[in-house]
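K.L.:
Kindly generate the corresponding structure for this input.
(one chain, ligands or ions: 1)
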Amino acid sequence: MTRFLLLLSLALVGCDSGSSMSEEIDDAPAETTLRALATAKGLHIGAAVAAGPLASDPAYREVLGTEFSMLTAENVMKMGPLRPTPQTFSWDNSDALMDFAESNEMTVRGHALVWHQSLPSWVESANWGRQELIAILQEHIGAVVTRYRGRIAHWDVVNEAVGDDARRRPTLFNEVIGPEYLQMAFEFAHAADPDAKLFYNDYGAEGLGAKSDAVYALVQELLSTGTPLHGVGLQMHVTASNPPSMDAVRSNIRRLAALGLEVHITEMDVRIPEPATENGLVAQAQVYNDVLQLCLSEPSCTSLVFWGFTDRHSWVPSFFQGFGAALPFDEDYQPKLAYQVMQQTLMN
Ligand code: G3I
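P.N.:
Residues are numbered from 1 along each chain as shown. Have a look, this model is predicted:
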């Protein structure tokens, strides 16, 4: 099947019945960027941003500011990059990201205040007492959230607290402080910026299953104790060959919404075997389009964020041997089939 016919058939899946493609496209908003089209449908569409290309690559900046209404910090707002020593904060990269976002009128997702990875060595290597580690969390969260108070709309307060075994991950924070660290972290963040929406973020819990049930139970428990929790981030790091069932993701989104929670797709990428083939790109486009259509159809799903936007800068190849090409733009910043199909869906 040629790319055009595929594009047409995939996009027609989302067309209103009885309307022709040409009528749909003729009525499309003047701009046809993902940003303009998604905004017109009330959806934030975003990307994770890497400090290096943001500082040095004009093409990266151009596509990012044009195609997306939301951005998140891939790394620069994690504790490790921010806190090289107990006494110092490295704000340059996070401030540069904020400056770019604000000059391009983009909404920012802060990522991530508490995570067991990307910790500075001075935190990881010491034998902290419970009160000491609580004080470190309170000071860190307070300083970071206060610095960007009123400028960061959503925070990933705690990231990946549930293990692949569906049990609480035995992180430094869980083992030294106890499971109460979660509520403490959200309360510290809320005290620093009462207007920020606070999220719990995780992977492998997009559909239904043991880990998803454990995340659901975790957020239920936090809400039952009055924790200031406003949403859940479903990361959506998936393969084109075996994506989660969309019906299961819809059920999961709906049960989280029934708790009063917003849902963000926070880190989407759809990896395929490299070198990429036509079939791989078609399967990838289908997954991107399915998730977009799902998010558009569920009112509680208010943001769809990709984990990067160009294959030139993606964590995937270094983490999944033999896989890559996971994002909507190729290494030369050209839109891929996935972009074109999502654009068509947003035009319908
Ligand atoms: O900046 C240093 C550089 O100075 C140094 O020379 C280089 C070599 O050691 O490392 C660089 O830091 C790396 C950083 O990415 C920036 O490139 C870290 O080693 C590396 O561990 C870090 O990986 C990031 C990873 O999280 C761990 O923080 C990935 O880029 C990032 O995509 C990944 O993102 C996570 C989300 O935060 C949470 N969900 C899963 C997702 C994928 O793992």
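K.L.:
State which one residue of this protein is found closest to the ligand.
P.N.:
Distance from the ligand to each residue of the chain (CB to the nearest ligand atom) is smallest for Trp315, at 3.4 Å. C-beta here means a position set from N, CA and C on the backbone, and glycine is covered the same way.
K.L.:
Run a quick neighbour tally on the nearest residue to that residue once chain neighbours are set aside.
P.N.:
Using CB to CB, 6 or more residues apart in numbering and skipping the chain neighbours, the partner closest in space to Trp315 is Trp307 (7.0 Å). Neighbouring residues of Trp307 were enumerated by other CB atoms under 10 Å; the total is 20.
K.L.:
try Trp128
P.N.:
16.
K.L.:
Same question for Asp99.
P.N.:
Around Asp99 sit 11 other residues, with neighbours defined as other CB under 10 Å.
K.L.:
and the stretch 51-200 of the chain, which residues reach the ligand?
P.N.:
Contacts of the stretch 51-200 of the chain with the ligand, taken as CB under 6 Å from any ligand atom, map to 74-75, 78, 117-118, 159.
K.L.:
Give me the buried entries from the residues you listed.
P.N.:
Buried by 16 or more other CB atoms under 10 Å: 74-75, 78, 159, out of those.
K.L.:
Quickly name whichever of these is closest to Ala112.
P.N.:
Sorting those by how near they are to Ala112, with CB to CB, puts Asn159 at the top with 3.9 Å.
K.L.:
What's the per-residue pLDDT of that closest one here?
P.N.:
Residue-level confidence at Asn159 comes out at 98, pLDDT.
K.L.:
I'd assumed Leu119 was in contact with it.
P.N.:
No: checked against CB atoms under 8 Å, the pair Asn159 and Leu119 is beyond contact range at 11.6 Å.
K.L.:
Overlap in contacts, those two.
P.N.:
Residues within reach of Asn159 and of Leu119 at once, by CB atoms under 8 Å, 6 or more residues apart in numbering: there are none.
K.L.:
All the helices of the stretch 151-300 of the chain, residue numbers only.
P.N.:
172-176, 181-192, 210-224, 246-257, 278-297 (DSSP state H, counting those that start in this stretch).
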